[in-house]
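Participant: No letters, just coordinates:
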C-alpha cells in the first residue's frame, strides 16, 4: 500500500505531467490524440473506477471466458 507521501507524490506528478506541453507533444508522437489527456483529481478517478467496476459486474457473463 502507498504511504501518504508516496500518494501525494503521484498526485502532484500526474497533475504536473498533464499540464506539461512537452508531455503532450511526446504523447501525440505515439499516434494518440491528446484529447485523451484530461487530468482527473482523486474524486474524478475514484468515480471512474467505480463506474468501471459497475460495468464489469453488469456485463460479467459476457466478459468471462469459457472453456470449450
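Facilitator: Right, received. Where do you want to start? Bear in mind the structure is a predicted one, so any value in this text is a computation, not a measurement.
Participant: what's the following helix or strand after the helix or strand encompassing residue 52?
Facilitator: Taking DSSP states H and E as the definition, residue 52 sits inside helix 42-58. Next helix or strand after helix 42-58 toward the C-terminus (DSSP H and E): helix 60-63.
Participant: Spatially central, which residue of the chain would that be?
Facilitator: residue 45 (6.9 Å; C-alpha atoms, centre = their mean).
Participant: now that residue: how far from residue 37?
Facilitator: Distance of residue 45 to residue 37, given as C-beta to C-beta, to the nearest Å: 14 Å. Yep, even glycine has a C-beta here, placed from its N, CA and C like the rest.
Participant: any idea of the mean pLDDT for stretch 28-38?
Facilitator: Averaged across stretch 28-38, pLDDT comes to 89.
Participant: How far off centre is that stretch?
Facilitator: Chain-centre distance of stretch 28-38: 13 Å, with C-alpha atoms, centre = their mean, to the nearest Å.
Participant: contacts for that stretch?
Facilitator: 18, 23-24, 27 (C-beta atoms under 8 Å, 6 or more residues apart in numbering).
Participant: Please repeat the previous calculation with a cut-off of 10 Å.
Facilitator: 17-20, 23-27, 44 (C-beta atoms under 10 Å, 6 or more residues apart in numbering).
Participant: hmm, which of these are the buried ones?
Facilitator: residue 27 (16 or more other C-beta atoms under 10 Å).
Participant: Just give me the neighbour total for residue 11.
Facilitator: Neighbour count of residue 11, defined by other C-beta atoms under 10 Å: 13.
Participant: surely it meets residue 41?
Facilitator: Yes - Residue 11 is within contact range of residue 41, at 7.9 Å (criterion: C-beta atoms under 10 Å).
Participant: Can you read off the pLDDT for the residue nearest to residue 56 when sequence neighbours are not counted?
Facilitator: Leaving aside its chain neighbours, residue 56 sits nearest to residue 63 (6.5 Å; criterion: C-beta to C-beta, 6 or more residues apart in numbering). With respect to pLDDT, residue 63 has a value of 85.
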